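# quick one: sequence plus predicted model below, questions after.
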Amino acid sequence: MMMMSGEMWTQLGSAVASLMFAWAMFQQYFPYELRRHIEKYGQKLVGLVYPYVQITFNEYPGDGFVRSKAYIAIETYLMANSSSRAKRLRADMERENQSLVFSMDDHEEVTEEFKGIKLRWASNKSIPSRQSISFYPREDDKRYYTLTFHRRYRDVITKTYLTHVMDEGKAIQVKKRQRKLYTNSGSESWNRYTYRRTMWSHVQFEHPATFETLALEPKMKQEIINDLITFSKAKEYYAKVGKAWKRGYLLYGPPGTGKSTMIAAMANLLQYDVYDLELTSVKDNTELRKLLIDTSSKSIIMIEDIDCSLDLTGQRKKEKEKDEDKEKDLVKKAKNEDDSKSSKVTLSGLLNFIDGLWSACGGERLIVFTTNYVEKLDPALIRRGRMDKHIELSYCSFEAFKVLAKNYLDLDSHHLFTTVGRLLEETNMTPADVAENLMPKCAEDDPESCLENLIKAFEKAKEEARLKAEEEERVKKEEERLKAEEEEKQKADKEEKEKGECAEEVKDKKISDEEVK
Ligand SMILES: Nc1ncnc2c1ncn2[C@@H]1O[C@H](COP(=O)(O)OP(=O)(O)OP(=O)(O)O)[C@@H](O)[C@H]1O
Ligand SMILES: [Mg+2]
């Protein structure tokens with residue numbers, strides 16, 4: 001037995017060696033034309049007896065220097081599904097501080113089964129024979145995947161299976177993609193991947209806020225979550241009704257009620273990138289448009305404190321009162337020209353930004369405005385269609401407090417909760433203040449003492465509010481008193497004047513009477 005297998009190996013070895021020799025001779029001595037013909041017919045012959053179909057997916061198709069989307073999707077799909085079965089793997093760390101990810105090494109194969117059909121994926125690499133100097137910073141080796149399957153299943157594979165691979169690959173990419181937080185307040189930079197100038201600079205987006213940790217009325221929270229998820233899945237619906245696939249949110253409320261935190265929670269829920277647009281550093285409307293075009297889909301564009309960003313609110317009023325304010329405007333203009341950095345973005349520019357034709361390119365975008373003073377904003381800016389959903393974030397309610405107590409102290413209930421509930425109704429406190437007071441301040445603080453701290457803070461706030469109200473009352477009274485005094489004085493002056501006028505009239509009359517005489 002041993003002998004036989006040994007003999008067999010020797011025979012096989014010599015057969016392979018002679019085959020290789022023949023191939024080398026063939027390549028070297030046959031004229032090119034003849035060789036081409038033989039290769040062509042050879043392949044046809046193989047096609048007759050070899051029942052398998054092979055599809056190739058190149059990493060850089062054509063002469064392009066953009067990685068093929070199909071290749072990337074397959075790579076991701078195989079990484080998630082088959083790499084555990086491959087014998088030779090390539091390991092890499094995609095981001096800093098992340099665990100290693102494994103992918104199939106070059107010239108490795110895995111088999112898969114799809115609806116009972118067996119198929120084989122292989123990763124290949126071809127090294128170009130002629131050495132060229134590459135201008136683009138990528139390797140010269142050409143990588144590609146090949147998919148092999150029986151020709152009987154051609155339809156199932158090309159129609160169903162490959163769509164499945166593409167979809168799954170893309171879905172995994174979205175899930176694991178490192179989200180980014182962009183800002184426009186830096187200088188222009190170059191995008192490493194597309195070799196073009198961009199106006200956004202970015203860092204990794206890492207914010208731990210989620211809707212679970214957000215202190216909000218549960219009903220309102222659920223409504224917002226549903227709204228967001230419905231939006232993110234409504235591509236067909238928006239196309240059907242003929243609307244650009246975007247949605248505007250206006251978050252308003254006092255400082256510290258969680259507006260910025262909610263934007264982070266939205267981004268985390270939908271896995272979107274965040275573009276933090278700083279309006280004051282946008283030069284003019286054209287630049288604003290450029291910034292918009294440069295944003296990707298699956299993103300949130302946020303403009304914080306929209307009422308402070310620009311004098312958008314006053315601009316219309318100014319038009320009306322133009323004549324009166326002409327002089328003032330001139331002074332302002334001169335000042336603006338001096339300061340060339342100041343923004344020239346106008347309200348109409350911003351309105352166009354939000355729902356002009358340009359805003360439709362890309363799609364799947366949320367535009368979120370935050371403000372402390374909703375009443376200061378121009379109605380055109382916040383009408384439905386621009387800002388579709390208005391969300392008021394207000395002072396901490398009891399329900400919101402319970403979320404914070406659960407997050408910060410891991411408490412579901414406590415006998416001090418009723419006191420806190422009563423105090424919350426009596427005094428206005430923002431979730432930021434409640435959260436701060438709930439945080440343990442020293443190692444000995446237990447949940448009970450934290451709650452006591454919060455109650456103390458409430459009492460202090462209540463006392464402060466009382467003092468403030470008293471002070472306001474006093475100021476109001478003083479103002480009223482001064483006003484009354486002023487009125488009294490004016491009245492007295494008027495009477496005096498009238499008296500004087502009467503005396504004058506009498507005198508005039510006397511004179512004229514005398515003249516008549
Ligand atoms: N509803 C909330 N749920 C959980 N934490 C909150 C909430 N509101 C505020 N906080 C906490 O308070 C801090 C400040 O909140 P945030 O920055 O979101 O307020 P804001 O409404 O954006 O204020 P501003 O109007 O001043 O920008 C955050 O760090 C967050 O931890
Ligand atoms: Mg904020």
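Perfect, thanks for sending it. Ligands and ions are numbered 1, 2, ... in the order given.
# remind me what the helix ranked longest in the chain packs against, helices and strands.
Looking across the chain with DSSP state H, the single longest helix is helix 447-516. Using 3 or more Cβ pairs under 8 Å, 6 or more residues apart in numbering; DSSP states H and E, the elements in contact with helix 447-516 are helix 398-409, helix 417-426, helix 431-438. Every C-beta, even on glycine, is put in place using the N, C-alpha and C of the backbone.
# CSV for the ones you listed, including mean neighbour count, mean pLDDT and distance to ligand 1?
Putting those into CSV (neighbours: other Cβ atoms under 10 Å; pLDDT from 0 to 100; distance: least, Cβ to the nearest ligand atom, whole Å) gives the following:
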stretch, mean neighbour count, mean pLDDT, distance to ligand 1
helix 398-409, 19, 91, 6
helix 417-426, 15, 90, 13
helix 431-438, 20, 91, 3
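# I'd like the ones you listed written out as CSV, with distance to residue 210 added.
Conversion of the helices and strands packed on helix 447-516 to CSV gives the following (distance: least, Cβ to Cβ, whole Å):
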stretch, distance to residue 210
helix 398-409, 10
helix 417-426, 23
helix 431-438, 15
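# next to ligand 1, which bits of this structure? Give me the list.
214-216, 255-261, 372, 431-432, 435 (Cβ under 6 Å from any ligand atom).
# buried subset of the residues you listed, written for ChimeraX?
Of the residues of the chain next to ligand 1, the buried ones can be selected in ChimeraX as follows, counting by 16 or more other Cβ atoms under 10 Å:
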select :214,215,216,256,257,258,259,260,261,372,431,432,435
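# nearest to ligand 2, of the residues of the chain next to ligand 1?
Proximity of the residues of the chain next to ligand 1 to ligand 2 was ranked by Cβ to the ion; the top entry is residue 260 with 3.3 Å.
# isn't that closest one up against residue 369?
No. In this structure residue 260 lies outside contact range of residue 369 using Cβ atoms under 8 Å: 11.9 Å.
# what is whichever strand or helix holds residue 35 packed up against?
According to DSSP states H and E, residue 35 maps onto helix 32-49. In this structure, helix 32-49 makes packing contacts with helix 2-29, judged by 3+ Cβ pairs under 8 Å, 6+ apart.
# which elements pack onto the helix it packs on?
Counting contacts by 3+ Cβ pairs under 8 Å, 6+ apart, helix 2-29 packs against helix 32-49.
# contacting residues around residue 412?
Residue 412 makes contact with 402, 406 under the criterion Cβ atoms under 8 Å, 6 or more residues apart in numbering.
# and it, how far from residue 405?
For residue 412, the distance to residue 405 (Cβ to Cβ, to the nearest Å) stands at 8 Å.
# quick one, phi/psi of the residue nearest to residue 461 when sequence neighbours are not counted?
Leaving out its chain neighbours, the residue that sits closest to residue 461 by Cβ to Cβ, 6 or more residues apart in numbering is residue 427, at 5.3 Å. When read as degrees, to the nearest 10, the backbone of residue 427 gives phi -120, psi 150.
# export only the CA atoms of stretch 158-177, formatted as CSV.
Coordinates of each C-alpha in stretch 158-177 appear next as CSV, following Å, rounded to 0.1, in the frame of the first residue of the first chain:
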residue,chain,number,x,y,z
THR,A,158,-26.2,36.0,-10.8
LYS,A,159,-29.7,37.1,-9.8
THR,A,160,-30.3,36.1,-6.3
TYR,A,161,-27.1,35.1,-4.6
LEU,A,162,-24.9,38.0,-5.8
THR,A,163,-27.6,40.6,-4.8
HIS,A,164,-27.7,38.9,-1.4
VAL,A,165,-23.9,39.2,-1.1
MET,A,166,-23.9,42.9,-2.2
ASP,A,167,-26.7,43.8,0.2
GLU,A,168,-25.3,42.0,3.1
GLY,A,169,-21.8,43.4,2.5
LYS,A,170,-23.1,46.9,2.3
ALA,A,171,-25.2,46.5,5.4
ILE,A,172,-22.1,45.2,7.3
GLN,A,173,-20.1,48.2,6.1
VAL,A,174,-22.7,50.6,7.3
LYS,A,175,-22.8,49.0,10.7
LYS,A,176,-19.1,48.9,11.3
ARG,A,177,-18.2,52.1,9.5
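# so where is the stretch 101-250 of the chain shaky, pLDDT-wise?
Of all residues in the stretch 101-250 of the chain, those with pLDDT under 70 make up the ranges 128-140, 186-198.
# for it, just list every one of the strands.
101-104, 108-114, 117-126, 142-150, 180-183, 189-190, 197-198, 201-204, 246-252 (DSSP state E, counting those that start in this stretch).
# just name the most buried of those strands.
strand 246-252 (a mean of 23; mean count of other Cβ atoms under 10 Å).
# ok, back up a step: out of the strands of the stretch 101-250 of the chain, flag the one nearest ligand 2.
Among these, strand 246-252 comes nearest to ligand 2, with 8.8 Å by Cβ to the ion.
# who does that closest one pair up with?
Here strand 246-252 is paired, per DSSP bridges, with strand 365-371 (parallel), strand 389-392 (parallel).
# anything in that strand near ligand 2?
No. Using Cβ under 5 Å from the ion, strand 246-252 never reaches ligand 2; the gap is at least 8.8 Å.
# and that strand, how far out from the chain's middle?
The chain centroid and the centroid of strand 246-252 are separated by 13 Å, computed with Cα atoms, centre = their mean, to the nearest Å.
# other residues contacting it?
With contact meaning Cβ under 8 Å, 6+ apart, strand 246-252 is reached by 231, 259, 262-263, 266, 354, 359-360, 363-374, 382, 385-393.
# likewise for stretch 30-43?
Outside stretch 30-43, the residues that touch it by Cβ under 8 Å, 6+ apart are 26, 27.
# average pLDDT for it?
Averaged across stretch 30-43, pLDDT comes to 77.
# what of stretch 256-269?
93.
# near ligand 2, anything from that stretch?
Yes. Interface with ligand 2: stretch 256-269 contributes 259, 260 (Cβ under 5 Å from the ion).
# what about that stretch, distance to the chain center?
11 Å.
# which other residues reach stretch 364-373?
Under Cβ under 8 Å, 6+ apart, the answer for stretch 364-373 is 228, 231-232, 235, 245-255, 259-260, 263, 266, 270, 272, 295, 297-307, 354, 359, 377, 381-382, 387.
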